[in-house]
Structures are given as C-alpha cells and as structure tokens.
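Asker: Show me the folded form of this:
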Amino acid sequence: MKIMAISLLIMGCLMAFSLGIDIFQGFDVSQALYNAVSPFRVMEVAELFVLFFFLFLFFAKSFYLFIKKRKGRRRNNMNVAHRFGSFRLFQ
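Answerer: The predicted structure is shown next:
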C-alpha cells in the first residue's frame, strides 16, 4: 500500500510540474489540464483493458489480504478468549 501511495504522490507531483511548465509557457489552465491527461485519452481499447486489469488485480489482492488479516485477527481473539474462559472455569 505504501508503494501505491508513493507512486500516486510522484504522479501528482509530476503532473503539477507539467501543469506549471505549461502555464509558464503561456497555455491557459484548461489547455494545460488537457495536456496533462491527454495520454489517457489516446489509449486504445487493448491498452485500457490492460490498465484496468492491472488495477483490478491490485485492488483484488489488497482486498484479499485485508480479509485474510481480519479473519486471522478474529481467530486469534477467539482462541485467546476461549483459553481464558476455560481457564476461569477450571479454577
């Protein structure tokens, strides 16, 4: 998750830098924004499919690891509660 956050931060910084350079060159803000997002507008269907497939894999893996961690945490809590509960019964 840290890698994704760092990647998004770097992408945001580079897009801001690109917008700044475009505005400094005399483009208006709307044209600068269009230039910043234009690489995504010229992608073909196959390229868009690959992009969304990779995004889906990333989010599916993150969701799976989150659920796995959550179930493991619940199972550990239940085992600890069961142990302490049975320990109190035998005292």
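
Asker: so for the helix or strand encompassing A46, what's the average pLDDT?
Answerer: Element membership of A46 [criterion: DSSP states H and E] is helix 45-89. Across helix 45-89, the average pLDDT comes to 79.

Asker: State the distance from F24 to A32.
Answerer: Applying C-beta to C-beta, to the nearest Å, the value for F24 to A32 is 10 Å. Quick note: C-beta positions are derived from backbone N, CA and C, even for glycine.

Asker: For those two, work out which one has more neighbours and name it.
Answerer: Comparing F24 with A32 by neighbour count (other C-beta atoms under 10 Å), the higher total belongs to A32, at 19 against 9.

Asker: Just list the residues touching the more buried one, thanks.
Answerer: With contact taken as C-beta atoms under 8 Å, 6 or more residues apart in numbering, A32 is in contact with S18, L19, D22, I23.

Asker: Average pLDDT for stretch 1-15, rounded please.
Answerer: On average, stretch 1-15 scores 88.

Asker: For it, buried residues please.
Answerer: Buried positions in stretch 1-15, judged by neighbour count with 16 or more other C-beta atoms under 10 Å: none.

Asker: Phi, psi for E44 please.
Answerer: Phi and psi for E44, reported as degrees, to the nearest 10, are phi -80, psi 170.

Asker: what separates it from F56, distance-wise?
Answerer: Distance, E44 to F56, using C-beta to C-beta: 18 Å.

Asker: now swap in K68 and tell me
Answerer: K68 is 18 Å from F56, by C-beta to C-beta.

Asker: do the same with G26
Answerer: Using C-beta to C-beta, G26 is found at 40 Å from F56.

Asker: And for L33?
Answerer: From L33 to F56 the distance is 27 Å (C-beta to C-beta).

Asker: Can you pick out the residue with more neighbours from these two?
Answerer: A count of neighbours by other C-beta under 10 Å puts L33 above the other of L33 and F56, at 15 against 10.
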